[in-house]
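S.K.: sequence and predicted model, in that order:
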Amino acid sequence: MIERPREDFESSRATSGSAEAGASDRDHRLKLLETLALRSAEEMRLPRQLLIDPLQSGTSESYSGTTLDHCIDRARTSPSQNWKVILSGGLRTLVGQFANFARLLAVLNDEGVPLQALPPEAVVLGSDGQLRLRIDRIALDVDDRLDELACRIAPEILLSKEPIAARECQIVYALAVLIHECAIGRPPWSGRSATEVADRLLSRSHGPSAGESISELPGLLGLLEDALSLDSEDRPASLRGFASMLDAARDGARPRARRNSTGEVGKPRRRWIPVVGGIGLVLIAGWLGRSTAAGPATEDLIRDLSSAMLARPLPVHAEDAPVHSLGQTLLDLHGERAMTLRQDAAVQRQLAWVALRAGDPRAARIAARYAIQVDSTRPGPWIVLGIAAIEQGDQAGLLEIDVGMDLEPTDRFDLWSRAAAQMYLFRFDSAADTFEKITLMDPSDADAWFHHSLASLRSGDVLSASASLARSRRIRPFDGWIDWLSAEIAHSEGRDGEAHRVLEEATTRFSSSAALALRIGSLWDRLGDTSRGKEWIRRADSQLLTSPLREWREAGRFVEEGRAHLLLGPPSPPEPSPPESMKTDE
């Protein structure tokens, strides 16, 4: 039913007429997949060994783990709760692993091995929390197992009478089915045979449940609704794009891929309606003017953009750049629309933080200036304007930060911006006071408690740091950043044994970002394990062309090469020479 896109994959199937030819065919495909595994292992966010073939000796290492079908059976009654027992971090961690898994599928597809169906027994959840693919259980030919795999293949494949060309959005659909089954407990469309599944697809019955919700991942089900659309044009077009959206959903954002994200799944659309509607909207917008900016759609946009500011770590002068993958994801999803709302200060100030997190300080300054033009009395835009200037090497940004600090904060955004500026300029006592005000406004804000703990630790108040971190952990129990800070506090109190225990138990949660991996490496080195310290720092720098020269200081503080633009620095002189573990191979 599916045309294979690569000649080498097609040729491997051409000689499968006999048992001997079939065995040779399988060996050829195994060799191809193993080669791909070694090649894709060079990517930082993918596990070292991606493919498992228990039947082929010498092609893979032995990994302990459980196939997803057994995990799904255990979690089915209450997925949100039961996944927390199966996997540290629960569904949030699982979604992050599925993002990495999507990148693996993209590599396989690029090399001519498209997997249009993903049975859960073919995916292994390892003891290290990574998802891997079992070669002996993948479905290379869906025709041979059509009744079994009908609910897992894209509708256009199942309903087509003629072979159709393989497309990446079909693999996105197959992966979304598997994620839906993990998160909800069942595949979106199911039946005892291909005919029954096709009937349910055509009648739109028993599809993705709009009534379900996952409180810890508010954007996941909306993204799955898009990825499971019966119209292939409404799905994410690429696996790598889908992976970035899964990362954003894991971080609390609400990424959407569909052109009509509020529409009913599978609902037929008349193609002339958008044309007529678009003309009407232009006329109405000309009459309403700016008043449309305050609508519910804009409020949703502001809420989505606001998650960028809270991405860790907050910017700190001279340390690693304040860039986070969530910033680029939000910029790709919402940047174009947000840039058109230049008279909406609430949108522009959030867009400024998103651009700064995406590593584009120039765009951040442009958005901040628009926000200031509309309302110059708010401190937030002035602060991000100044930080973005300093990130570009312009010391005058300090004056803009000072302007913002002199203005009175009027809402939570302004308070967070002020606290970010205080952290950026090493004013940790003041930052702790500001974060305390935020926790009084919203005692359920895990991010505010975490940063209050970090600011307190850096200002020398270890007791307050411990108390605040405990509050943050109660709200968000499986968070790698919280585990890192807990180990830092233990080390500062001389409880190195406790620090070792925390780092050992939370190892699988430390690969979420390069910034966190860098700090874990520094802590391991200060605990005396130089080999682990060097390994974690190598992981943090694995996506860089060359390892940067860092000036390491006390308590894990550091100065990145070329980023000390102001006459500021961590409150201790540099060490005479960097520790041996901090030297990474070029």
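M.R.: The structure has been received and is ready for your questions. Because the structure is a prediction, the values reported are computed rather than measured.
S.K.: export stretch 118-127 to PDB, keeping only CA atoms.
M.R.: Below are the C-alpha coordinates for stretch 118-127, written out as PDB (Å, rounded to 0.1, in the frame of the first residue of the first chain):
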ATOM      1  CA  LEU A 118       4.200   1.800  15.700                       C
ATOM      2  CA  PRO A 119       2.900  -1.100  17.700                       C
ATOM      3  CA  PRO A 120       3.600  -0.500  21.400                       C
ATOM      4  CA  GLU A 121       5.300  -3.900  21.800                       C
ATOM      5  CA  ALA A 122       8.000  -2.600  19.400                       C
ATOM      6  CA  VAL A 123       9.000   0.300  21.700                       C
ATOM      7  CA  VAL A 124      11.000  -0.400  24.900                       C
ATOM      8  CA  LEU A 125      11.100   1.900  27.900                       C
ATOM      9  CA  GLY A 126      14.500   1.300  29.300                       C
ATOM     10  CA  SER A 127      15.500   1.400  33.000                       C
END
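S.K.: which residues in that stretch does the neighbour count mark as buried?
M.R.: Leu118, Pro119, Pro120, Ala122, Val123, Val124, Leu125, Gly126 (16 or more other CB atoms under 10 Å). C-beta: built from backbone N, CA, C; applies to glycine.
S.K.: can you report how many residues neighbour the residue nearest to the fifth one when sequence neighbours are not counted?
M.R.: Okay, so that is Val123. Closest residue to Val123 apart from its sequence neighbours, by CB to CB, 6 or more residues apart in numbering: Leu68 at 4.5 Å. For Leu68, the count of nearby residues is 22 (other CB atoms under 10 Å).
S.K.: domain ranges for the chain?
M.R.: Following automatic domain parsing, the chain resolves into domains at 2-11+21-250, 298-426.
S.K.: pick the most buried one from these.
M.R.: With neighbours taken as mean count of other CB atoms under 10 Å, the domains of the chain reach their highest mean count in domain 298-426, at a mean of 21.
S.K.: now the most centrally placed residue in the chain. Nearest residue, chain neighbours left out?
M.R.: The centroid of the chain falls nearest to Asp247 when counting by CA atoms, centre = their mean (2.0 Å). Among residues not flanking Asp247 along the chain, Ala99 sits closest, at 4.9 Å (CB to CB, 6+ apart).
S.K.: what sits against that neighbour?
M.R.: Arg45, Ala243, Ser244, Leu246, Asp247, Arg250 (CB atoms under 8 Å, 6 or more residues apart in numbering).
S.K.: pLDDT score assigned to the nearest residue to the fourth one once chain neighbours are set aside?
M.R.: Spatial nearest neighbour of Leu246, chain neighbours left out: Ala99 (3.9 Å); criterion: CB to CB, 6+ apart. In the predicted model, Ala99 carries a pLDDT score of 91.
S.K.: ok, Leu485 next?
M.R.: In the prediction, the pLDDT value recorded for Leu485 is 96.
S.K.: let's number from 3 now, not from 1
M.R.: Okay, residue one is now 3; in that scheme the one you just asked about reads as Leu487.
S.K.: who are the neighbours in contact with it?
M.R.: Leu487 sits next to Phe452, Ser455, Leu456, Leu459, Ala467, Leu471 when contact means CB under 8 Å, 6+ apart.
S.K.: ChimeraX command for the buried members of the residues you listed?
M.R.: Selecting just the buried residues from the contacts of Leu487 in ChimeraX takes one command, with 16+ other CB under 10 Å as the test:
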select :452,455,456,459,467,471
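S.K.: nearest to Arg136 among the contacts of Leu487?
M.R.: Nearest to Arg136 among those is Phe452, at 37.9 Å by CB to CB.
S.K.: so what's that closest one closest to, chain neighbours aside?
M.R.: Closest to Phe452 by CB to CB, 6+ apart is Ser474, at 4.4 Å.
S.K.: and that neighbour, how many neighbours does it have?
M.R.: Neighbours of Ser474 under the rule other CB under 10 Å: 25.
S.K.: three-state assignment of it?
M.R.: Following DSSP: H, G, I helix; E, B strand; the rest coil, the label given to Ser474 is helix.
S.K.: repeat that for the one 10 residues further on.
M.R.: Following three-state DSSP, we place Ile484 in the helix state.
S.K.: distance to Ser544 added to the domains of the chain, as JSON lines?
M.R.: As requested, these are exported to JSON lines (distance: least, CB to CB, whole Å):
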{"stretch": "domain 4-13+23-252", "distance to Ser544": "4"}
{"stretch": "domain 300-428", "distance to Ser544": "14"}
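S.K.: ranking those by mean pLDDT, which is last?
M.R.: Across the domains of the chain, the lowest-scoring stretch is domain 4-13+23-252, with a mean of 75.
S.K.: got a pLDDT number for the residue nearest to Phe452?
M.R.: 93.
S.K.: didn't it look like it was pressed against Ala448?
M.R.: Yes: judged on CB atoms under 8 Å, Ser474 makes contact with Ala448 at a distance of 4.8 Å.
S.K.: now do the shared contacts for the two.
M.R.: With contacts taken as CB under 8 Å, 6+ apart, Ser474 and Ala448 have Asp481 as neighbours in common.
S.K.: list the residues that contact Pro324.
M.R.: Pro315, Leu316, Pro317, Val318, Leu358, Arg359, Ile389, Glu393.
S.K.: the same query, at a cut-off of 7 Å, please.
M.R.: The contact partners of Pro324, taken as CB atoms under 7 Å, 6 or more residues apart in numbering, are Pro317, Leu358, Arg359.
S.K.: now the strands: where do they sit in the stretch 153-302 of the chain?
M.R.: 166-167 (DSSP state E, counting those that start in this stretch).
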